[in-house]
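*Asks:* What follows is a predicted protein model with its sequence.
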2 protein chains.
Amino acid sequence: MECGDLFNPDCPTRLVLDRIADKWTVMLLVLLSQGPMRFSALRRATGISQKVLAQTLKRLERDGFASRAVFPTVPVTVEYAITPLGADLAQTLEGLRLWSERHIGAVLAAQRHYDARDDQAA
Amino acid sequence: MECGDLFNPDCPTRLVLDRIADKWTVMLLVLLSQGPMRFSALRRATGISQKVLAQTLKRLERDGFASRAVFPTVPVTVEYAITPLGADLAQTLEGLRLWSERHIGAVLAAQRHYDARDDQAA
DNA sequence: AATGTAGGTTACCTTGGGAAACCATCTAGT
DNA sequence: ACTAGATGGTTTCCCAAGGTAACCTACATT
């Protein structure tokens, strides 16, 4: 049942959107697309909690977006790298990052305007 | 403090990503970019719950992505339309929708592969 | 009077994220 | 020998966000 229709609630395409339309997923994929990174480097770069970072990386690996490599150094080194599929997605997500950085001013202005109007009503 | 650096945890750009990297936001903006829609039409098209739909639409309005118009018909008609800012964002998100629909097969295949490997280990 | 429709709000419960502690393994320092 | 420190997690607990279902207002039909 691979209907390919995002707007059918029973379509598996929705599952894909559920996964990739997530702030941590976006941030990790954009980071990994710049080069492989280790667990603690990802943690420091994003500020994500250890638990959720581990969960999110597991999902990225399961979905075929990232690969996990363990090097028996001491202490152990675990490196996460992006896959071709993940790189393809990251390119799409990069547009989202650029949009955020470019339009944040407009969004904050809209919020101030909305909140001011709200105060009048109250 | 509009630093414009997505990877700084204290940067307001993160707030923007938090809002737009959300599955309901993506779906609603893509829908609204095709034309204005009423509350219940959005509800039927997405399957989102009434409570969360109302919340998400309020946020979209506050962030300047959508506008709300009330028509005093009976019963009352409330129409949501996309704004220029929202349309700009929706164009970026449309890429995400297309990606989901085009690569769902690869993702499902990766999941099957991962799960099969997992079964062996167990 | 009862029912239906549109657009919500409210109460309640369950799920998921965040903070902090713990753990295994090895090395370096004293 | 003992302690501290780094890495990559897992576990525990708590709180906020999401889902379900019931209710509400206003009017119109039957």
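*Replies:* Yep, that arrived. Just so it is clear, the structure is predicted and the values come from calculations on it, not from any experiment.

*Asks:* CA only for contacts and neighbour counts going forward, please
*Replies:* Noted.

*Asks:* what does chain A put close to DNA strand D?
*Replies:* Applying Cα under 7 Å from any atom of the strand, one finds that chain A approaches DNA strand D through A:38-41, A:50-51, A:54-55, A:75-79.

*Asks:* Among those, name the buried ones.
*Replies:* Neighbour counting by 16 or more other Cα atoms under 10 Å in any protein chain shown classes A:38-39, A:78-79 among those as buried.

*Asks:* phi, psi of residue A:9?
*Replies:* Main-chain torsions, residue A:9, degrees, to the nearest 10: phi -60, psi -20.

*Asks:* how about it, what does it touch?
*Replies:* B:46-47 (Cα atoms under 8 Å, 6 or more residues apart in numbering or on different chains).

*Asks:* Next, format the buried ones among the residues of chain A next to DNA strand D as a markdown table and append secondary structure and pLDDT.
*Replies:* As requested, those are exported to a markdown table (DSSP: H, G, I helix; E, B strand; the rest coil; pLDDT from 0 to 100):
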| residue | secondary structure | pLDDT |
| --- | --- | --- |
| A:38 | strand | 97 |
| A:39 | helix | 97 |
| A:78 | strand | 97 |
| A:79 | strand | 97 |
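
*Asks:* filter the residues you listed down to the ones near chain B?
*Replies:* Residues of those in contact with chain B (Cα under 8 Å from any Cα of the partner chain): none.

*Asks:* confidence score at residue A:3?
*Replies:* Confidence at residue A:3, expressed as pLDDT, is 66.

*Asks:* where do the strands sit along chain A?
*Replies:* A:37-38, A:66-71, A:77-82 (DSSP state E).

*Asks:* Show me what the second one is packed up against.
*Replies:* It refers to strand A:66-71. For strand A:66-71, the elements it packs on are helix A:50-62, strand A:77-82, judged by 3 or more Cα pairs under 8 Å, 6 or more residues apart in numbering or on different chains; DSSP states H and E.

*Asks:* export these to a markdown table and tack on distance to residue B:9?
*Replies:* A markdown table is the format used below for the helices and strands packed on strand A:66-71 (distance: least, Cα to Cα, whole Å):
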| stretch | distance to residue B:9 |
| --- | --- |
| helix A:50-62 | 15 |
| strand A:77-82 | 21 |
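
*Asks:* Please identify the deepest-packed of the strands of chain A.
*Replies:* Mean neighbour count (mean count of other Cα atoms under 10 Å in any protein chain shown) peaks for strand A:77-82 among these, with a mean of 20.

*Asks:* Mind listing the strands it pairs with, and their directions?
*Replies:* Counting by DSSP bridges, the strands paired with strand A:77-82 are strand A:37-38 (antiparallel), strand A:66-71 (antiparallel).

*Asks:* sorry, back to before: export the strands of chain A to CSV and tack on distance to residue A:19?
*Replies:* Shown next, in CSV, are those (distance: least, Cα to Cα, whole Å):
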stretch, distance to residue A:19
strand A:37-38, 21
strand A:66-71, 13
strand A:77-82, 16
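
*Asks:* Between those strands, which one is closest to residue B:28.
*Replies:* With distances scored as Cα to Cα, the stretch of the strands of chain A nearest to residue B:28 is strand A:66-71 (28.4 Å).

*Asks:* And the pLDDT for residue A:20?
*Replies:* The per-residue pLDDT reported for residue A:20 equals 89.

*Asks:* shouldn't it be in contact with residue A:29?
*Replies:* No. Judged on Cα atoms under 8 Å, residue A:20 makes no contact with residue A:29 at a distance of 9.4 Å.

*Asks:* So for the two, which residue has more residues nearby?
*Replies:* residue A:29 (25 against 22; other Cα atoms under 10 Å in any protein chain shown).
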